[in-house]
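S.K.: give me a 3D structure for the following:
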Amino acid sequence: MLRARDAMDRAYAQPLDVPTLARIAHVSETHFTRTFRATFGETPHRYLQRRRVERAMFLLRETDRSVTDICFTVGFGSPGTFSRTFRDIVGRSPRTYRREAASAVVPTCFAMAWLRPST
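M.R.: Sure thing, here's the model as predicted:
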């Protein structure tokens, strides 16, 4: 499970599916999904989405790139899916998040802990 999670952390922007991740973990697809959820508390798909959103949060705070560009950079296939997933995980739209993050001047270590999305 750790191998598969590490692969998701390294290649979050790549298209990763359950069969590929199960092969990395050397188990069947069904066993992988069940065990991953029991081990980490969320499905592999949701974990990958959360990792992508965390990276998008950083890019929204630290760069002036467009939301659409960030969407594709972190591995989402469409801006609509990105915005919907971002709102589900963070609680506000990417544009609202960028606007609020720009107005808060806080040391990075506090911002990272405070702004980390929850499941």
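
S.K.: need the helix or strand of this structure with the lowest average pLDDT.
M.R.: Every helix and strand of the chain was ranked by mean pLDDT, DSSP states H and E. The lowest is helix 108-115, at a mean of 68.

S.K.: beyond the lengthiest helix in the chain, next helix or strand please.
M.R.: In the chain, assigned by DSSP state H, the helix with the most residues is helix 44-62. Using DSSP states H and E, the helix or strand that follows helix 44-62 in sequence is helix 67-73.

S.K.: tell me what angle whichever helix or strand comes after that next one forms with helix 44-62.
M.R.: With elements assigned by DSSP H and E, the helix or strand that comes after helix 67-73 is helix 79-90. With axes from the mean of the first three to the mean of the last three C-alpha atoms, to 10 degrees applied, the angle from helix 79-90 to helix 44-62 works out at 90 degrees.

S.K.: got any ranges where the protein has weak pLDDT?
M.R.: The model of the chain has pLDDT under 70 over residues 103-108, 110-112, 114-115, 118-119.

S.K.: which parts of the host helix or strand of H31 are buried?
M.R.: For H31, the element it lies in under DSSP H and E is helix 29-40. In terms of neighbour count (16 or more other C-beta atoms under 10 Å), helix 29-40 has its buried residues at E29, F32, T33, T35, F36, F40. Bear in mind the C-beta positions are built from the backbone N, C-alpha and C, glycine included.

S.K.: return the member of the residues you listed nearest to E100.
M.R.: F40 (28.7 Å; C-beta to C-beta).

S.K.: R37 reaches H31, doesn't it?
M.R.: No: using C-beta atoms under 8 Å, R37 is not in contact with H31; the gap is 11.1 Å.

S.K.: for the helix holding H31, packing partners?
M.R.: Judged by 3 or more C-beta pairs under 8 Å, 6 or more residues apart in numbering; DSSP states H and E, helix 29-40 is in contact with helix 2-10, helix 18-25, helix 44-62.

S.K.: so which of those is the most surrounded?
M.R.: Mean neighbours per residue, mean count of other C-beta atoms under 10 Å, is largest over the helices and strands packed on helix 29-40 for helix 44-62, with a mean of 20.
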